[in-house]
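# Compute the structure for the input listed below.
(2 chains)
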Amino acid sequence: AQTVTQSQPEMSVQEAETVTLSCTYDTSESDYYLFWYKQPPSRQMILVIRQEAYKQQNATENRFSVNFQKAAKSFSLKISDSQLGDAAMYFCAYRAPGTSGSRLTFGEGTQLTVNP
Amino acid sequence: NAGVTQTPKFQVLKTGQSMTLQCAQDMNHEYMSWYRQDPGMGLRLIHYSVGAGITDQGEVPNGYNVSRSTTEDFPLRLLSAAPSQTSVYFCASSYSTYNSPLHFGNGTRLTVT
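Numbering: from 1, shown residues only, chains lettered A, B, ... in the order given. Now for the predicted structure:
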């Protein structure tokens, strides 16, 4: 079974600084997608960024980018120029092709605090 | 376009009571699922469905039932609530291809006393 691990339960960053959240996963598949979701205090789950395993180029969405290392099974999220609104719980998630409708597996989450 | 509508937002139950969490989506997604979120454990899959009439168990299915009579609706039933079912519950939907992100409802905070 696939597993996703986020080894940092909590992180903090100063406003305008850069922070990197770690995620590792375990799989025997060669093709899959990885996602980062953000959950602010409102409890809403918001897609931040996604990466296809076959694409070597790291995905970027404005201030959010990933460092995808397929061989190391690592998928970290970098937030540049951190803003107060970035404070949230961040979840890494994995999804692969399959007859099970492509179930999504989540990590434990990293709580990010942004200090003014 | 409402997306994924989940009700209620909050619920308090006594041990042994039953209830149904409602979930509806208007995006014609084949895949629907229920997750529970507990501190330090991320989101864990309870049940999922890949289409009307098809459901299957996820990681933590005990104490929960689901059915999928239409593409739009995927209710989650708690048969006899227990304090261990105190959690935040999320319904989510997507196309069933693996490159499709999940769209989430706003969650239900359930407390069982």
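# Find the centremost residue of chain B, please.
In chain B, the centroid-proximal residue (CA atoms, centre = their mean) is B:W34; its distance is 2.8 Å.
# what residue ranges in chain B score low on pLDDT?
B:1 (pLDDT under 70).
# Kindly report the same for chain A.
Along chain A, segments meeting pLDDT under 70 span A:1, A:99-102.
# can you give me the strands for it?
Taking DSSP state E to define them, one finds strands in chain A at A:3-5, A:10-14, A:19-21, A:24-26, A:33-39, A:46-52, A:60-61, A:64-69, A:74-79, A:88-95, A:104-106, A:110-115.
# For burial, what's the neighbour tally of the closest residue in space to B:K14 that isn't next to it in sequence?
The shortest distance from B:K14 to any residue other than its chain neighbours is 5.9 Å, reached at B:T113 (CB to CB, 6 or more residues apart in numbering or on different chains). All C-beta spots, glycine's among them, are computed from the backbone N, C-alpha and C. B:T113 is flanked by 10 other residues according to other CB atoms under 10 Å in any protein chain shown.
# List the residues that contact B:T113.
B:12-15, B:83 (CB atoms under 8 Å, 6 or more residues apart in numbering or on different chains).
# interface residues of chain B facing chain A?
B:30-31, B:33, B:35, B:40-45, B:48-50, B:56, B:58, B:88, B:90, B:92, B:96-102, B:104, B:106-107, B:109 (CB under 8 Å from any CB of the partner chain).
# hmm, try it at 7 Å
B:31, B:40-43, B:45, B:48, B:50, B:56, B:88, B:90, B:96-99, B:101-102, B:104, B:106-107 (CB under 7 Å from any CB of the partner chain).
# how far away is the residue lying closest to A:E17 once chain neighbours are set aside from A:A93?
Using CB to CB, 6+ apart and skipping the chain neighbours, the partner closest in space to A:E17 is A:S82 (5.6 Å). Noted for A:S82: a distance of 22 Å to A:A93, by CB to CB, to the nearest Å.
# Looking at these two, which one has more neighbours?
Between A:S82 and A:A93, counting by other CB under 10 Å, A:A93 is the more crowded of the two (24 against 21).
# I figured the more buried one was touching A:L104, is that so?
Yes - using CB atoms under 7 Å, A:A93 is in contact with A:L104, at 5.2 Å.
# which residues do those two both contact?
Residues touching both A:A93 and A:L104 (CB atoms under 7 Å, 6 or more residues apart in numbering or on different chains): there are none.
# now the residue nearest to B:K14: how far from chain A?
21 Å (CB to the nearest CB, to the nearest Å).
# ditto for B:H47
B:H47 is 11 Å from chain A, where distance means CB to the nearest CB.
# in what helix or strand does the closest residue to the residue nearest to the centre of chain B other than its chain neighbours lie?
The shortest distance from B:W34 to any non-neighbouring residue, by CB to CB, 6+ apart, is to B:I46 (4.4 Å). Assessed by DSSP states H and E, B:I46 sits inside strand B:42-51.
# Farthest from the middle of chain B: give me that residue.
Distance from the centre of chain B peaks at B:N99, with 21.0 Å (CA atoms, centre = their mean).
# residue contacts, residue 16?
With no chain named, the answer covers chain A. A:A16 neighbours (CB under 7 Å, 6+ apart): A:81-82.
# Please refer instead to chain B.
Contacts of B:G16 (CB under 7 Å, 6+ apart): B:80-81.
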